[in-house]
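A.B. asks: Kindly return the folded structure for what I paste below:
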Amino acid sequence: MNDMTQPELMHGHHGPAQGITRWLYTTNHKDIGTLYLWFSFAMFLIGGCMALVIRSELFQPGLQLVQPEFFNQMTTMHGLIMVFGAVMPAFVGLANWMIPLMVGAPDMALPRMNNLGFWILPFAFAMLLSTLLMEGGGPNFGWTFYAPLSTTYAPPSVTFFIFSVHMMGISSIMGAINVIATILNMRAPGMTMMKMPLFVWTWLITAFLLIAVMPVLAGVITMMLMDIHFGTSFFDAGGGGDPVLFQHLFWFFGHPEVYIMILPAFGIISHIVPTFSRKRLFGYASMVYATASIALLSFVVWAHHMFTVGLPLAGELFFMYSTMLIAVPTGVKVFNWVSTMFRGAISFETPMLFAIGFIVLFTIGGFSGLMLAISPADFQYHDTYFVVAHFHYVLVPGAVFSIIAGAYYWLPKWTGHMYNERLGQWHFWLSMIGVNLTFFPMHFIGLAGMPRRIPDYALQFADFNMIASIGGFMFGFSQLLFLYIVIKCIKGGEKAEAKPWEGAEGLEWQVASPAPYHTFAQPPRID
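C.D. replies: Numbers count the residues shown, from 1 in each chain. The predicted structure follows:
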């Protein structure tokens, strides 16, 4: 049932559903994965347009394009849409498509909930975007919506924003329950946990993170709602509340959240690197344990986002050292990927280029994160463009590159056609140059003191901002090339082989299952 759609199972016995109803009512994991991927790409382009509004305003000093108020709405909406609308649904889409295939299941465990979990999202984001048309405009308090700014001085649309975030959270929890149920209950006979492909492992761990932290987000936005409409003062010092409580609650959700956005990426990269190195993944078990360690540690580091609120010294030390500790399992992963490539017969097809770009640039993002973990230094870096540079290096060449790499890698399986390799290479190099032109100069303007989320700046930051804006447009428009490549691939092109990523000698290399050597009759030759 895996590789053929059986419409009568999905839609009663009346033959395949036609046109739009097929997509509305589908319980097929592949259809739902496709819906998630297209939705996330649409959100990626919308959030990207907002980023380009921001970069256009910052192209030179002085106010040119938009009012400061609208600039604030753009920074807020860009962050929310990219995190909840682009990166997360893309990973859920990849999970829906690939997890049943990788564990040998006929579909996801809970197909009806799968359908509902997706269809909540377009309504949630339609509501979020509609706030831009309301009186007072959309949310203008940054994607982290710190109280009391978001509860006392917010536009009336903040209530709609809260409801849309609730819906996104519900969707995430439903998707996570489904992933866990599928992986734990529907593996093919003989596939033990330690034989699961790494993408499956990373998603299993990610799903537990989602179920653990999404209720915290739901709680904190409900407290916001109460403060706004019901006269409570959870976050209002005037009523005996504490604004810093909001930050603790938000980041207790928000820090595991940033790992939710990178762990599935680690899984994708752990498939692509061995395939194009024509070698088994180095250190499979250590990869699993490193992923689990990162997930556990992500719960005890949240206040490193809050070094400047006046934590007690013991708290600062604890959060500083625990944050540095996360670098260890992350370093294990990078070491394993590089060791996998070492002395491999590497070929540089598009998925591998994006994977190598991921490893190099994600590591840079990791190092700037270590700098931010040093609490006395963080007093200088906090709320400057250095922080912006850091998390964009982790999220754009990190999460986004890995999603793109996964799309190129699995497109032959999804569509039956090969994409245009030359155009894929163009897409990689334009993206790679664009992303570095955009975000690398931000390290410098941040260290020189330029604050985040401000629509104007002093003259000395002008040159680097101009470079960053040019890079931003370059990166943004090169994603239209990706859209063209994908559509062209779906419509036709060279027919994909049954095993599209074979070695030159026609040997099948590790594509899905990283099972240990002893499960084969003889170890495969690597010569």
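A.B. asks: Spit out the contact partners of His390.
C.D. replies: Counting by C-beta atoms under 8 Å, 6 or more residues apart in numbering, His390 touches 365, 368-369, 371-372. Placement of C-beta: from N, CA and C, glycine included.
A.B. asks: mind checking how far it is from Gly365?
C.D. replies: 6 Å (C-beta to C-beta, to the nearest Å).
A.B. asks: Where does pLDDT dip in the stretch 401-527 of the chain?
C.D. replies: 502-527 (pLDDT under 70).
A.B. asks: still on that earlier bit, list buried residues within the contacts of His390.
C.D. replies: 365, 368-369, 372 (16 or more other C-beta atoms under 10 Å).
A.B. asks: follow-up on the earlier one: which of the contacts of His390 fall in helices?
C.D. replies: Of these, the ones assigned to helices by DSSP state H are 365, 368-369, 371-372.
A.B. asks: Looking at these, which one is closest to Pro68?
C.D. replies: Leu372 (26.8 Å; C-beta to C-beta).
A.B. asks: That closest one and Val387 touch, don't they?
C.D. replies: Yes - between Leu372 and Val387 there is a contact at 6.6 Å, judged by C-beta atoms under 8 Å.
A.B. asks: overlap in contacts of those two?
C.D. replies: By C-beta under 8 Å, 6+ apart, the residues touching both Leu372 and Val387 are Tyr381.
A.B. asks: and the longest helix belonging to the chain, which residues are buried?
C.D. replies: Identified as the longest helix of the chain according to DSSP H is helix 198-229. Using 16+ other C-beta under 10 Å as the burial criterion, the residues of helix 198-229 that qualify are 198-210, 212-214, 216-218, 220-221, 223-225, 227-228.
A.B. asks: Where do the helices of the stretch 301-450 of the chain begin and end?
C.D. replies: Taking DSSP state H, counting those that start in this stretch as the criterion, the stretch 301-450 of the chain carries its helices at 313-341, 350-373, 375-381, 385-394, 401-415, 421-447.
A.B. asks: to the chain's geometric centre, what's the distance from the last one?
C.D. replies: Taking the mean C-alpha point of helix 421-447 and that of its whole chain, the gap between them comes to 18 Å (C-alpha atoms, centre = their mean, to the nearest Å).
A.B. asks: cool, and the fourth one?
C.D. replies: Taking the mean of its C-alpha atoms, helix 385-394 sits 15 Å from the chain's own mean (C-alpha atoms, centre = their mean).
A.B. asks: so where does the nearest residue to Asn140 once chain neighbours are set aside fall, helix or strand?
C.D. replies: Spatial nearest neighbour of Asn140, chain neighbours left out: Asn72 (4.0 Å); criterion: C-beta to C-beta, 6 or more residues apart in numbering. Using DSSP states H and E, Asn72 falls within helix 68-80.
A.B. asks: could you give the angle of that helix to helix 385-394?
C.D. replies: 30 degrees (axes from the mean of the first three to the mean of the last three C-alpha atoms, to 10 degrees).
A.B. asks: just the angle between the following helix or strand past helix 68-80 and helix 401-415, please?
C.D. replies: Following helix 68-80 in sequence order, the next helix or strand is helix 88-103 (DSSP H and E). In terms of direction (the same axes, to 10 degrees), helix 88-103 departs from helix 401-415 by 50 degrees.
A.B. asks: Give me the next element, helix or strand, following helix 88-103.
C.D. replies: By DSSP H and E, the next helix or strand past helix 88-103 is helix 111-130.
A.B. asks: Alpha carbons of that next one, as CSV, please.
C.D. replies: Coordinates of the C-alpha atoms in helix 111-130 are reproduced here as CSV (Å, rounded to 0.1, in the frame of the first residue of the first chain):
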residue,chain,number,x,y,z
PRO,A,111,-4.9,9.7,9.4
ARG,A,112,-8.1,11.7,10.1
MET,A,113,-6.3,13.7,12.8
ASN,A,114,-3.5,14.2,10.3
ASN,A,115,-6.0,15.9,7.9
LEU,A,116,-7.5,18.1,10.6
GLY,A,117,-4.0,19.1,11.9
PHE,A,118,-3.2,20.5,8.5
TRP,A,119,-6.4,22.2,7.7
ILE,A,120,-6.3,24.2,11.0
LEU,A,121,-3.2,26.0,9.7
PRO,A,122,-4.5,27.9,6.7
PHE,A,123,-7.2,29.4,8.9
ALA,A,124,-4.8,30.3,11.7
PHE,A,125,-2.5,32.1,9.3
ALA,A,126,-5.4,33.8,7.4
MET,A,127,-6.4,35.2,10.8
LEU,A,128,-2.9,36.3,11.7
LEU,A,129,-2.5,38.0,8.3
SER,A,130,-5.9,39.6,8.5
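A.B. asks: On the pLDDT front, check Gly238 for me.
C.D. replies: Gly238 carries a pLDDT score of 95 in this model.
A.B. asks: which residues touch the residue nearest to Ile326 when sequence neighbours are not counted?
C.D. replies: Excluding the flanking residues, the one nearest Ile326 by C-beta to C-beta, 6+ apart is Leu297, at 4.8 Å. Residues near Leu297 by C-beta under 8 Å, 6+ apart: 322, 325-326, 329.
A.B. asks: Report the distance from the helix or strand harbouring Phe161 to the chain centre.
C.D. replies: Per DSSP H and E: Phe161 is located in helix 158-185. Per C-alpha atoms, centre = their mean, the displacement of helix 158-185 from the mean C-alpha position of its chain is 15 Å.
A.B. asks: got the buried residues for that helix?
C.D. replies: 158-162, 164-180, 182-183.
A.B. asks: For stretch 132-141, output the C-alpha coordinates as CSV.
C.D. replies: In CSV, the C-alpha atoms belonging to stretch 132-141 read as follows (Å, rounded to 0.1, in the frame of the first residue of the first chain):
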residue,chain,number,x,y,z
LEU,A,132,-2.7,43.8,9.2
LEU,A,133,-6.0,45.1,7.9
MET,A,134,-7.6,45.8,11.3
GLU,A,135,-7.8,49.2,13.0
GLY,A,136,-4.4,49.8,14.7
GLY,A,137,-2.8,47.3,12.5
GLY,A,138,-1.3,43.9,13.3
PRO,A,139,0.9,42.8,16.2
ASN,A,140,3.8,45.3,16.6
PHE,A,141,5.6,43.9,19.7
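A.B. asks: what does that stretch rub up against?
C.D. replies: So stretch 132-141 is in contact with 69-70, 72-73, 76-77, 80, 128-129, 131, 145, 149-150, 153-158, 160-161, going by C-beta under 8 Å, 6+ apart.
A.B. asks: could you say what helices and strands the helix holding Phe161 packs with?
C.D. replies: For helix 158-185, the elements it packs on are helix 88-103, helix 111-130, helix 198-229, judged by 3 or more C-beta pairs under 8 Å, 6 or more residues apart in numbering; DSSP states H and E.
A.B. asks: Any idea which of the ones you listed gets closest to Thr27?
C.D. replies: helix 111-130 (3.5 Å).
A.B. asks: Arg187: what's it in contact with?
C.D. replies: Neighbours of Arg187 in contact, by C-beta under 8 Å, 6+ apart: 103-105, 196.
A.B. asks: Give the helix, strand or coil label for it.
C.D. replies: At Arg187 the chain is in coil, as set by DSSP: H, G, I helix; E, B strand; the rest coil.
A.B. asks: I'd assumed Met102 was in contact with Phe199.
C.D. replies: Yes - between Phe199 and Met102 there is a contact at 6.5 Å, judged by C-beta under 8 Å.
A.B. asks: No further questions, thank you.
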